[in-house]
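A.B. asks: here are the coordinates; sequence isn't available:
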Ligand SMILES: [Zn+2]
């Protein structure tokens, strides 16, 4: 039983490790073409860029159709797909998800920084400012029609997400530290109870007065 499952795992691993398959690439191609059509509507400034890339990819795709060896065919198909998924056009397609990611990270920082002061606050403010500038730059890059702007903006969005997350981590770490030291102080701080008979101060951990033995009221 165990042996069989191991063989099955090994088999599945080999199938997955075999690289591109004709079926998988065909599916990806359909998705990519749809994504390119959508990108043309969403980012009209890049319509020419997109058309040119699609033409280039289609040439690779057509070349793949003429290859009889399945493995070679799939490889060529993957090349066509990679051309559409890489660089500026891939960034354009992924940009909205990236922007959403940045906006979610901004929300987290804004709620975490409430009531905070000092270095953590400064770090958070800087990260927020950076993020807002990066969003503006990304939105401007949509209209620029320049691939370099899109790629730079996309990379920057990735950096600001990291910074925003770091800002939250810093705040959380400070909060934990503050709580820990408050707990430690609370433990150290011994409270006293005054004996109502002899006025002796007793640690509140005691139940009877250490001097006269009377029960201590707490
Ligand atoms: Zn007493």
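C.D. replies: It's in. These numbers were taken from a predicted model, which means no experiment stands behind them.

A.B. asks: what about residue 175, neighbour count?
C.D. replies: By the criterion of other C-beta atoms under 10 Å, residue 175 has 13 neighbours. In short, each C-beta sits where N, CA and C put it, glycine included.

A.B. asks: Can you tell me which residues in this structure are near the ion?
C.D. replies: 195, 197-198, 200, 209, 211-212, 214 (C-beta under 5 Å from the ion).

A.B. asks: now do 8 Å
C.D. replies: 195-200, 202, 209-214 (C-beta under 8 Å from the ion).

A.B. asks: State the helix or strand in which residue 182 lies.
C.D. replies: Per DSSP states H and E, residue 182 falls inside helix 147-188.

A.B. asks: distance between the helix or strand that that helix is followed by and the chain's centre?
C.D. replies: Per DSSP H and E, the first helix or strand lying C-terminal to helix 147-188 is strand 192-194. Distance of strand 192-194 from the chain centroid (C-alpha atoms, centre = their mean, to the nearest Å) equals 53 Å.

A.B. asks: Need the contact partners of strand 192-194.
C.D. replies: By C-beta atoms under 8 Å, 6 or more residues apart in numbering, the surrounding residues in contact with strand 192-194 are 200-204, 206, 216-218.

A.B. asks: out of the residues you listed, which are buried?
C.D. replies: With burial judged by 16 or more other C-beta atoms under 10 Å, the buried subset of those is 202, 216.

A.B. asks: Which one of the contacts of strand 192-194 is nearest to residue 143?
C.D. replies: residue 204 (69.7 Å; C-beta to C-beta).

A.B. asks: Quick one: residues contacting the closest one.
C.D. replies: Applying C-beta under 8 Å, 6+ apart, one finds that residue 204 lies in contact with 190-193, 216, 218.

A.B. asks: And the next helix or strand past the least confident helix or strand in the chain by mean pLDDT?
C.D. replies: Of all helical and strand segments in the chain, the minimum by mean pLDDT, DSSP states H and E falls on helix 2-17, at a mean of 53. The first helix or strand that comes after helix 2-17 along the chain, using DSSP H and E, is helix 22-42.

A.B. asks: mind listing what residue 28 touches?
C.D. replies: Contact partners of residue 28, counting by C-beta under 8 Å, 6+ apart, are residue 81.
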